[in-house]
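**Q** turn this into a structure:
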Amino acid sequence: MTTFELWAPEPSRVRIRTGETVSDMARSDDGWWRADVSDAGPGTDYGYLLDDDSSPLPDPRAAWLPNGVHSASRVYDHDAFAWTDQQWTGRQLAGSVLYELHVGTFTSNGTFDAAIERLDHLVELGVDIVELLPVNGFNGAYNWGYDGVAWYAVHEQYGGPDGLKRFVDACHGKGLGVALDVVYNHLGPSGNYLPRFGPYLKAGSNAWGDLVNLDGPQSNEVRRFILDNILGWLRDFHVDALRLDAVHALADTRASHLLEEATREVDVLSTHVGRPLSLIAESDLNDPKLMAPLEAGGYGLTAAWDDDVHHALHSALTGDRSGYYGDFGTLSTLATVLTEAYFHAGTYSTFRKRIHGRRVDRRNTPGHRFVVSLQNHDQIGNRATGDRLSATLSPGLLTIGAALMLTSPFTPMLFMGEEWGAGTPWQFFTSHPEPELALAVEKGRKAEFAEHGWGESEVPNPQDPATFERSKLDWTELDKAPHADLLDVYRRLIALRRQVSDLTDPRLDRVSVDYDEDARWLVVRRGDHVVAANFGAEPREVPIQVAEVLFGDEWTGTVPAESVVVVRVAH
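**A** Numbering: from 1, shown residues only. Sure, this is the predicted structure:
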């Protein structure tokens, strides 16, 4: 006998179809429907019939949708998986190096099992935590994952729920933590049946879709739906951290914000399972309140993405001043973010045309609460052609960017292939089966970049399968020049970060930066160690006394053009 439960306050009648059997469900006053069904154990396909519908809908909480988001759910037994990670004690975010990857393009096969075969590369690189782009259920064979509609399910083409568990189990076996990207600020355009069941959405929209009902009538169960999903990834799939997509788009006016409630419940679960569990916010707000402790009136999240560090590094290396890079590009700006975390911290943003952000308390806010990157899925994939920095920058400038990120007081994150300067782009790709939606996405993408001077023929069609195929990593590049040299750079820098405590010291008030805007050099002081970078085309003298060179060319009193050294200083 299997008990099925469904929150559906909207319909007046609900039945469940299991195989060819249809059973009535009993409603309680709280909008929940229940039914005990015999011969409906694990592996049984089922769906819900609302009111007089003749076609069943998938379960909003289904972990397994073997035939896609429009088809039947399948009963899944979380206890049936044979875990081997009983000795895993977790991986804290502080001191870790993250590695962001998309399952579908990380390997040619695009599955969890294929990704497992590449984990030794990540271990040898020195990665601590693997961060997966969203893997929950979406319509179509492949996309970035941010158009998910089945929040509890694992995309079948990747390997389904068992595939994700095999991946997490394998990571833990090799000492790697796993973070998972999750989206709660909107739902995708195809396969979202939640409004049929209840008021999951409310009036209004953000940049990606309709608003989720976090604070309106009957929002208690909607919030519970999200909180249970958060706990499920961490408990049932043994995931170590969640990256919460665009939390600034969570429209929640309650006195106790959803993020605060999530922190409290994850803390309880962490205590129970005996391992650290982290919540990382992606936020456009530049607001340290996200990471401030609950007892100090904050939301208590473990960390937040810090785009200002990316923008400052990117524009200093490339000279790009377009769009939101307009306020960045100077070494002064780079010095600010390396010591203050945020550049826009109660300052005027010309891109937003208003004051933006709040200043970070450097003494009491550790740098590891800020996840920083030189490249990530957004900053590559949202470029017109999905070109990586390695397509335009010299090996020397790539090394400078890597060194400044990996020796910073923050939590560094790499994007897959960055470590060897992958020659493959990472483009925006979709596989919407609906012709109208597919055409709308194609036209919208081309119109977006036409405003910035790109011709239609230059912008890849997201719906073209070749766009997806082009975005897959080419693992044969690793042993070839110049990829092998850059890979060695990343390995050495990550190892150095682990060996030298000054380079993981998160105290922002212990970081100081000197620079010469005209000569294009910058020096970051980290205790007894210094990182000296020369962005210019000529060798430069820099004001440091060197006792030992830990990374870079032998010291001759100058930093060569487009290069960086990490040294222990003489006193």
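**Q** drop to CA atoms for contacts and neighbour counts, all remaining ones
**A** Fine.
**Q** so what's residue 31 up against?
**A** Contacts for residue 31 (Cα atoms under 8 Å, 6 or more residues apart in numbering) come out as 7, 8, 9.
**Q** cool, residue 537 as well?
**A** Counted by Cα under 8 Å, 6+ apart, residue 537 has contacts 561, 562.
**Q** kindly report the same for residue 15.
**A** With Cα under 8 Å, 6+ apart, residue 15 has these contacts: 22, 23, 24, 25, 48, 49, 50.
**Q** name the nearest of the residues you listed relative to residue 561.
**A** Distance to residue 561, by Cα to Cα, is smallest for residue 48 among the contacts of residue 15, at 65.9 Å.
**Q** before we move on, the earlier item: who wins for neighbours among the contacts of residue 15?
**A** Among these, residue 48 has the most neighbours (other Cα atoms under 10 Å), with 26 neighbours.
**Q** so it bridges to which residues?
**A** Counting by DSSP bridges, residue 48 forms beta bridges with residue 16, residue 57.
**Q** quick revisit: which of the contacts of residue 15 fall in helices?
**A** Among these, DSSP state H puts none in helices.
**Q** and stretch 52-62, what's buried?
**A** Within stretch 52-62, the residues scored as buried using 16 or more other Cα atoms under 10 Å are 56, 57, 58, 59, 60, 61, 62.
**Q** pLDDT added to those, as JSON lines?
**A** Putting the buried residues of stretch 52-62 into JSON lines (pLDDT from 0 to 100) gives the following:
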{"residue": "56", "pLDDT": "97"}
{"residue": "57", "pLDDT": "98"}
{"residue": "58", "pLDDT": "98"}
{"residue": "59", "pLDDT": "98"}
{"residue": "60", "pLDDT": "98"}
{"residue": "61", "pLDDT": "98"}
{"residue": "62", "pLDDT": "98"}
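**Q** and which of those is nearest residue 43?
**A** The nearest member of the buried residues of stretch 52-62 to residue 43, counting by Cα to Cα, is residue 62 at 12.1 Å.
**Q** list phi and psi for that closest one.
**A** phi -70, psi 130 (degrees, to the nearest 10).
**Q** in contact with it, which residues?
**A** 73, 74, 75, 76, 150, 152, 153.
**Q** can you show me the helices along this protein?
**A** Going by DSSP H, the chain shows helices at 103-106, 112-116, 119-125, 160-173, 194-197, 219-236, 258-273, 307-318, 331-340, 377-381, 395-406, 435-450, 465-470, 483-499.
**Q** buried set for the fourth one?
**A** Think helix 160-173. For helix 160-173, by 16+ other Cα under 10 Å, it's 160-172.
**Q** apart from its chain neighbours, what residue comes closest to residue 254?
**A** Closest residue to residue 254 apart from its sequence neighbours, by Cα to Cα, 6 or more residues apart in numbering: residue 215 at 6.1 Å.
**Q** who's in contact with the one you found?
**A** 251, 252, 253, 254.
**Q** in PyMOL, how would I select just the buried ones from the residues you listed?
**A** Buried residues among the contacts of residue 215 (16+ other Cα under 10 Å), as a PyMOL selection:
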select buried, resi 251+252
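**Q** quick one on the thing from earlier: most neighbours, which of the contacts of residue 62?
**A** Ranking the contacts of residue 62 using other Cα under 10 Å puts residue 150 first, with 30 neighbours.
**Q** for the chain, where's the lowest mean pLDDT among helices and strands?
**A** Every helix and strand of the chain was ranked by mean pLDDT, DSSP states H and E. The lowest is helix 435-450, at a mean of 90.
**Q** list the helices and strands that helix packs on?
**A** Helices and strands touching helix 435-450, as assessed by 3 or more Cα pairs under 8 Å, 6 or more residues apart in numbering; DSSP states H and E, are absent.
**Q** any idea how far that helix is from the chain center?
**A** Chain-centre distance of helix 435-450: 25 Å, with Cα atoms, centre = their mean, to the nearest Å.
**Q** distance of residue 271 from residue 96?
**A** Distance of residue 271 to residue 96, given as Cα to Cα, to the nearest Å: 21 Å.
**Q** what is the burial count for the closest residue to residue 233 other than its chain neighbours?
**A** Among residues not flanking residue 233 along the chain, residue 239 sits closest, at 5.9 Å (Cα to Cα, 6+ apart). Using other Cα under 10 Å, residue 239 has 24 other residues around it.
**Q** check residue 359 too.
**A** 17.
**Q** got it, and the one 5 residues further on?
**A** As a burial measure, residue 364 scores 11 neighbours (other Cα under 10 Å).
**Q** over to it: give its phi and psi.
**A** phi -110, psi -10.
**Q** if I look at it, what pLDDT would I see?
**A** Residue 364 carries a pLDDT score of 95 in this model.
**Q** gap between it and residue 291?
**A** Computed as Cα to Cα, the residue 364 to residue 291 distance reads 11 Å.
**Q** then residue 566?
**A** On the measure of Cα to Cα, residue 566 and residue 291 end up 30 Å apart.
**Q** and for residue 272?
**A** 22 Å.
**Q** settle it for me: which of these two has more neighbours?
**A** Shown here are residue 272 and residue 291; by other Cα under 10 Å, residue 291 has more neighbours (21 against 10).
**Q** contact partners for the more buried one?
**A** Residue 291 sits next to 298, 299, 300, 301, 302, 303, 304, 369 when contact means Cα under 8 Å, 6+ apart.
**Q** contact partners for residue 351?
**A** 323, 324, 326, 327.
**Q** let me fix that, I meant to ask about residue 124.
**A** If you count contacts by Cα under 8 Å, 6+ apart, residue 124 has them with residue 491.
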